[in-house]
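K.L.:
show me the folded form of this:
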Amino acid sequence: MARVDWIIFWIIAGGVAAVIVAAAIVITVSGRRQKAVGAGLGRQSELDGAAPAGPPSVGPQPAAVPAEAVASQPAAVPAAAEPPSDAATPPAEAVPEAPEAGLSRLSRLRRRLASSNNSLARGLAGLLASDRLGEETWEDFESTLITSDLGVGPTGELVGRLRERFGLDGLADPAKAKTILRDELVNLVGPGLERQLCLDLTPGSDGPAVILLVGVNGTGKTTTAGKLARLLVAEGRSVVLGAADTFRAAAADQLQTWGERIGVETVRGADQADPASVAFDAAKRARAAGADILIVDTAGRLHTKVGLMDELGKVKRVVEKVAPVTECLLVIDATTGQNGLVQARVFAESVAVTGLVLTKLDGSAKGGIVVAVQRELGVPVKFIGLGEGADDLAPFDPGQFADGLLGD
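P.N.:
From the prediction side, this is the model:
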């Protein structure tokens with residue numbers, strides 16, 4: 001019994017001790033919390049006492065705004081709504097290309113002609129490589145010239161002159177023989193023909209000088225218009241382009257792209273619009289802008305269609321109500337050979353062709369067409385194209401042409 005009483009005593013004593021310890025912990029925690037609250041209130045009192053009465057002064061931190069004022073003010077615009085910096089700055093205008101000058105094109109085009117697969121050049125090289133000039137050699141040479149689109153008449157002239165001069169000296173001196181061949185070739189091409197563009201206005205007439213480009217589709221007429229504009233801009237001329245080829249899809253877009261590359265304005269109309277109307281508007285615009293030259297790209301014509309050919313005459317008449325047409329250039333694909341001669345003949349009957357542009361002379365063209373087409377029309381070749389590059393159009397020079405054929 002006594003042992004049971006001791007157990008009960010120690011249980012009661014342990015419980016009392018536990019209560020005392022718990023009470024001590026509660027009192028300690030409560031005291032610390034009260035001290036923290038008191039310290040916070042004291043700090044707030046110090047801040048309140050330091051703040052002066054009236055409106056707050058401007059300091060490094062913005063003053064607090066009352067809740068009522070915040071509610072009455074509109075919502076702030078997020079920073080993301082501000083326009084980006086590149087939108088505020090207009091994009092820089094495209095810098096027009098600087099076309100290559102005409103003189104520097106000639107030597108480059110001469111080298112390209114020398115490396116082309118040209119039957120006339122092969123015939124000339126074959127003659128110079130002959131050991132002796134017998135009848136068989138001359139007959140082979142004559143056949144090569146005829147098949148190179150030179151024509152029967154010019155071939156007979158060249159062979160006759162070479163027979164005469166080589167009959168005296170032969171080919172003993174290769175350098176001298178090559179010089180003789182070059183001289184006769186230049187004389188055949190026609191060094192005395194006027195190959196400069198006629199851009200002079202008659203007294204009393206107002207500008208600009210107008211250049212009409214005519215030809216069938218596929219000859220590179222629109223491309224030639226753009227390249228010719230580049231050449232004239234390189235010479236310091238102010239140019240306007242007229243996109244009067246309204247029948248071929250994207251012709252106006254193509255010409256406008258050429259103009260934009262060199263900073264030249266292009267006047268165009270709606271698809272299927274009257275070509276003469278577009279040309280007339282282009283002439284008025286060029287005159288108002290004070291341009292030196294207007295280049296009009298006309299619609300491609302089938303030389304067998306009389307109605308289409310008559311339209312060219314209409315374009316010319318309408319344009320001349322505003323400005324004089326000083327040049328009418330016929331663009332011919334040099335690879336078409338005798339068919340190109342037929343085209344040239346029919347176009348000359350519809351409009352007064354003043355000059356010729358031979359394109360694609362670096363390809364399968366036979367070279368002799370340069371002489372043949374001049375003889376056919378009695379007008380000079382003024383420009384030749386020898387590639388797809390933007391500056392691969394150059395004024396035609398008989399000496400450079402002969403050097404290219406001879407590989408110099």
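K.L.:
leaving out chain neighbours, which residue sits closest to Pro154?
P.N.:
Val371 (4.9 Å; CB to CB, 6 or more residues apart in numbering). Placement of C-beta: from N, CA and C, glycine included.
K.L.:
and for Ala348?
P.N.:
Leu377 (5.3 Å).
K.L.:
wait, isn't that neighbour in contact with Val342?
P.N.:
No: the criterion here is CB atoms under 8 Å, and Leu377 misses it with Val342 at 11.7 Å.
K.L.:
show me which of those two is the more surrounded one.
P.N.:
Leu377 (19 against 14; other CB atoms under 10 Å).
K.L.:
residues contacting the more buried one?
P.N.:
330, 344-345, 348, 353, 356 (CB atoms under 8 Å, 6 or more residues apart in numbering).
K.L.:
so which of the residues you listed sit within strands?
P.N.:
330, 356 (DSSP state E).
K.L.:
which stretches in the stretch 251-400 of the chain count as strands?
P.N.:
With DSSP state E, counting those that start in this stretch as the criterion, the stretch 251-400 of the chain has strands at 265-268, 293-298, 325-333, 355-359, 381-385, 393-395.
K.L.:
among the ones you listed, which comes closest to Gly14?
P.N.:
Of all the strands of the stretch 251-400 of the chain, it is strand 265-268 that lies closest to Gly14, at 108.1 Å by CB to CB.
K.L.:
buried subset of the contacts of Leu377?
P.N.:
With burial judged by 16 or more other CB atoms under 10 Å, the buried subset of those is 330, 344, 348, 353, 356.
K.L.:
verify the contact between the fourth one and Ile332 for me.
P.N.:
No: Val353 is not in contact with Ile332 according to CB under 8 Å; the separation is 10.3 Å.
K.L.:
common neighbours of the two, please.
P.N.:
Ala344.
K.L.:
if we can go back for a sec, ok, the residue nearest to Pro154 - contacts?
P.N.:
Counting by CB under 8 Å, 6+ apart, Val371 touches 150-151, 154, 188-190.
K.L.:
equivalent analysis for Thr137, please.
P.N.:
Counting by CB under 8 Å, 6+ apart, Thr137 has contacts 127, 130.
K.L.:
which of the three states applies to it?
P.N.:
Following DSSP: H, G, I helix; E, B strand; the rest coil, Thr137 is assigned to helix.
K.L.:
relative to Pro398, how far out is it?
P.N.:
26 Å (CB to CB, to the nearest Å).
K.L.:
quick one: the helices in the stretch 101-250 of the chain?
P.N.:
Secondary structure of the stretch 101-250 of the chain (DSSP state H, counting those that start in this stretch): helices at 102-114, 119-128, 135-147, 152-169, 174-189, 221-234.
K.L.:
chain center to stretch 228-239: distance?
P.N.:
14 Å (CA atoms, centre = their mean, to the nearest Å).
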